[in-house]
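Chemist: 3D, please:
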Amino acid sequence: MQRLIVGAAVLTLALVVAGCGSGGGSRARVSAYFRQVNQIERNLAPQMNSANIAFRRFSAQQVTAKEIRELKRAEGTIGLLQHRLSRLTPPKEAARIHRDLLRLVSLQDSFAKDVERLAAYGPRLNFVLGRVATAGARLKQALKTKSALKQATAFREYARALREDVDRLGKLRAPDVAVPSQREEARRLARTATLSAKIAATLRPFKPPAPLPKSKRRNKRAIARYNREVAAYQKKVLARRRTLSTLLGQLGSVSSLADRRRVREEQVKAVKAFDKRLRVIGHLAARIQRERTTLERKL
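Modeler: Below you'll find the model as predicted:
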């Protein structure tokens with residue numbers, strides 16, 4: 001999976017850290033509002049610091065149960081922050097800043113939920129892919145036999161196992177950023193299962209014609225019929241070889257270079273969209289600070 005830029009200080013809350021001084025009227029009301037916001041931030045400072053650490057440590061490639069718990073707590077911290085901010089009643093002079101603060105935290109909450117879902121998704125996906133690898137190893141071991149019947153059984157069991165894994169993949173709720181890769185993996189496994197089942201059917205043994213009994217070896221009609229049966233048998237053998245060669249070639253190129261490039265392009269787009277949300281959060285945080293500075297100058 002393409003790298004996700006998750007560790008870039010997801011909780012850049014940009015909560016207003018300065019007041020507007022003392023005084024009466026609008027200035028006093030805005031200052032009181034800022035103090036309330038600052039107090040909420042200070043009260044949640046330890047949790048916010050822990051949340052930032054959790055996000056910075058997160059890697060979509062390798063996730064532990066501890067990391068999932070930490071991300072879940074981080075998500076809860078953002079939810080608590082959102083709840084406390086929503087209970088404030090800002091003065092009309094700070095109404096825009098308040099709306100932007102709520103939107104900022106809402107964006108962070110949505111982002112944190114997606115990160116947590118991605119973290120939970122990874123181990124479940126790895127479980128399915130582990131089953132696929134095990135089934136492949138079993139097939140490789142079983143194909144060491146020279147028995148066509150046993151090879152057919154091995155391919156049939158492999159196809160069955162892959163179909164079960166396709167079903168398991170379908171039950172996973174992939175985050176948007178992981179949808180292209182999951183879709184491609186399911187397609188690849190389904191195609192592999194179909195080809196494996198066809199190979200199993202093609203490998204099914206068929207008997208050669210029985211030798212002519214001695215009593216008919218001088219019978220021209222019997223000999224002619226036997227020769228036709230032998231020719232038909234040899235034709236079937238040749239056709240089976242061609243079919244097997246074609247199927248095995250298709251099996252070896254299930255994931256073609258063109259397919260991999262297409263999926264990679266889709267995956268890159270999904271990752272960029274995922275990462276873009278962080279930039280939107282950063283831009284909004286910067287705008288809040290500019291709004292605060294502008295408001296301070298006016299009052």
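Chemist: before we move on, what SS does the most far-flung residue of the chain relative to its centre have?
Modeler: In terms of distance from the mean C-alpha position of the chain, Arg218 ranks first, at 70.7 Å (CA atoms, centre = their mean). Using DSSP: H, G, I helix; E, B strand; the rest coil, the structure places Arg218 in coil.
Chemist: Any stretches of the stretch 151-299 of the chain with poor pLDDT?
Modeler: By pLDDT under 70, the weakly predicted segments of the stretch 151-299 of the chain are 255-271.
Chemist: returning to that earlier point: how much space between the residue farthest from the centre of the chain and Leu212?
Modeler: According to CB to CB, to the nearest Å, Arg218 and Leu212 sit 10 Å apart. Yep, even glycine has a C-beta here, placed from its N, CA and C like the rest.
Chemist: Lys92 now?
Modeler: To Leu212, Lys92 is 106 Å away according to CB to CB.
Chemist: Next: Tyr226.
Modeler: Tyr226 is 5 Å from Leu212, by CB to CB.
Chemist: and what of Arg188?
Modeler: Noted for Arg188: a distance of 50 Å to Leu212, by CB to CB.
Chemist: okay, and for the stretch 1-150 of the chain, where does confidence drop off?
Modeler: For the stretch 1-150 of the chain (pLDDT under 70), the answer is 1-24, 58-62.
Chemist: Quick one: the helices in it, in order.
Modeler: Residue ranges of the helices in the stretch 1-150 of the chain, as given by DSSP state H, counting those that start in this stretch, are 25-43, 45-57, 65-86, 95-142, 148-171.
Chemist: Excluding chain neighbours, what is closest to the spatially most central residue of the chain?
Modeler: Central residue of the chain (CA atoms, centre = their mean): Ala178, 2.9 Å from the mean position. With CB to CB, 6 or more residues apart in numbering as the criterion, Ala178 has its nearest non-adjacent residue at 6.1 Å, and that residue is Tyr121.
Chemist: Tell me which residues touch that neighbour, please.
Modeler: 172-175, 178 (CB atoms under 8 Å, 6 or more residues apart in numbering).
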